[in-house]
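# What would the 3D arrangement of this be:
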Amino acid sequence: MPIYSIHAIGTTKAKQTARRASIVALSFVLATGFGVAICSAFARQETQKAIGALLPAPIRTVTITADGETRTVDTTSTTVAELFGSQKIVLNKLDRCTVPLTAPITANMEPLVVTRITVETVKDRVILPSRTIKQLTHKLRVGQTKTLRTGKPGEKVTVYRVVTKNGETTRTKVSETVKQPVNKIVQTGMQGASARMLASRGSLVGARTLTMRATGYGPGDNGKWGNLTATGMRPGFGIVAVDPRFIRLGTRLYVENYGYAIAGDTGGAIKGNRIDLGYNSHGEAMAVGRRNVRVMILK
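As a prediction, the model looks like this:
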């Protein structure tokens with residue numbers, strides 16, 4: 001029967017381990033007379049483990065790109081996570097790395113690239129201003145006003161999902177809600193006032209100018225409504241008919257070669273940029289014909 005010897009090399013710890021393995025193998029042989037080869041192989045394995053534990057880990061060279069910086073490090077770390085720990089690189093929940101943290105460090109390893117990712121929800125708020133709507137009324141005297149409804153601004157809220165990757169940001173619209181404003185309504189008294197008086201109170205400074213197609217009409221041109229305009233005013237000079245979708249009723253105007261006026265009436269044929277100039281007689285109205293005039297919207 002062949003006898004296998006065990007040679008202890010290296011440090012004192014390795015020698016002690018080898019001696020213990022030899023004693024185990026020898027005891028087994030003496031007790032049974034079998035398995036000497038197996039015991040010898042076991043002794044060699046234990047010796048190799050002991051020596052491997054005492055030898056330094058291999059040094060690997062790894063390139064890391066993180067936080068806008070690229071560095072090359074020599075490391076004995078065994079995993080990516082261990083390497084990041086030694087380099088004080090902490091990955092947050094959404095951050096990503098090109099190589100899993102559990103991957104082993106190997107020779108000629110691909111560069112480790114870290115992508116920093118943050119996600120947040122942002123709300124943009126825009127205030128929608130309310131308007132003041134003026135209404136003419138014969139129930140109040142000239143100079144008197146009455147607020148029928150107070151105004152309240154509206155609001156448009158847009159929600160965005162903002163994703164930032166290594167400093168580059170993208171915004172994705174998630175939702176949009178709009179709360180419409182409530183317009184203020186104010187009545188202005190016109191009891192005892194002429195149309196010319198009301199219109200002349202406007203200001204020409206900064207007035208917006210329109211070019212409109214003008215015709216004329218007299219008090220009797222409204223059929224059975226000849227003595228009543230759409231706003232309740234008496235028709236005549238200073239009252240003009242407009243398309244309320246184009247010029248709001250009650251707007252003060254200055255009409256070229258006509259003078260101050262107020263948008264106080266409407267007409268079936270008056271659409272868009274058409275304007276019908278009021279006169280005190282049918283003859284005066286017919287003398288106007290059709291012509292283009294400049295109309296200033298007074299403040």
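# So Gly218 versus Asn280, what's the distance?
For Gly218, the distance to Asn280 (Cβ to Cβ, to the nearest Å) stands at 7 Å. C-beta here means a position set from N, CA and C on the backbone, and glycine is covered the same way.
# Which of those two has more residues huddled nearby?
Gly218 (19 against 13; other Cβ atoms under 10 Å).
# Now that one: phi and psi?
Main-chain dihedrals, Gly218, degrees, to the nearest 10: phi -110, psi 180.
# surely it meets Leu277?
No: look at Gly218 against Leu277 with Cβ atoms under 8 Å: they stay out of range, at 10.1 Å.
# Next, show the common contact partners of these two.
Here Gly218 and Leu277 have Ala285 as joint contacts, going by Cβ atoms under 8 Å, 6 or more residues apart in numbering.
# ok, now how distant is the closest residue in space to Asp67 that isn't next to it in sequence from Glu110?
Spatial nearest neighbour of Asp67, excluding adjacent residues (Cβ to Cβ, 6 or more residues apart in numbering): Arg116 at 6.9 Å. Distance of Arg116 to Glu110, given as Cβ to Cβ: 19 Å.
# Those two - which one has more neighbours?
Ranked by neighbour count (other Cβ under 10 Å), Arg116 and Glu110 place Arg116 first, with 16 against 11.
# Contacts only, for the more buried one.
Counting by Cβ under 8 Å, 6+ apart, Arg116 has contacts Ala66, Asp67, Asn92, Asp95, Thr164, Lys165, Asn166, Gly167.
# Out of these, the closest to Val122 would be?
Lowest distance from Val122 to these (Cβ to Cβ) belongs to Thr164, with 11.3 Å.
# what residues are up against the nearest residue to the closest one once chain neighbours are set aside?
Leaving out its chain neighbours, the residue that sits closest to Thr164 by Cβ to Cβ, 6+ apart is Thr118, at 4.7 Å. By Cβ under 8 Å, 6+ apart, the contact set of Thr118 is Leu94, Val163, Thr164.
# what do you get if the cut-off is 10 Å, keeping everything else the same?
Thr118 is in contact with Asn92, Lys93, Leu94, Asp95, Val162, Val163, Thr164, Lys165, Gly167, Thr169, counting by Cβ atoms under 10 Å, 6 or more residues apart in numbering.
# Could I get those residues in JSON lines, plus columns for distance to Ala214?
As requested, these are arranged in JSON lines below (distance: Cβ to Cβ, whole Å):
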{"residue": "Asn92", "distance to Ala214": "71"}
{"residue": "Lys93", "distance to Ala214": "71"}
{"residue": "Leu94", "distance to Ala214": "67"}
{"residue": "Asp95", "distance to Ala214": "71"}
{"residue": "Val162", "distance to Ala214": "55"}
{"residue": "Val163", "distance to Ala214": "59"}
{"residue": "Thr164", "distance to Ala214": "60"}
{"residue": "Lys165", "distance to Ala214": "63"}
{"residue": "Gly167", "distance to Ala214": "62"}
{"residue": "Thr169", "distance to Ala214": "56"}
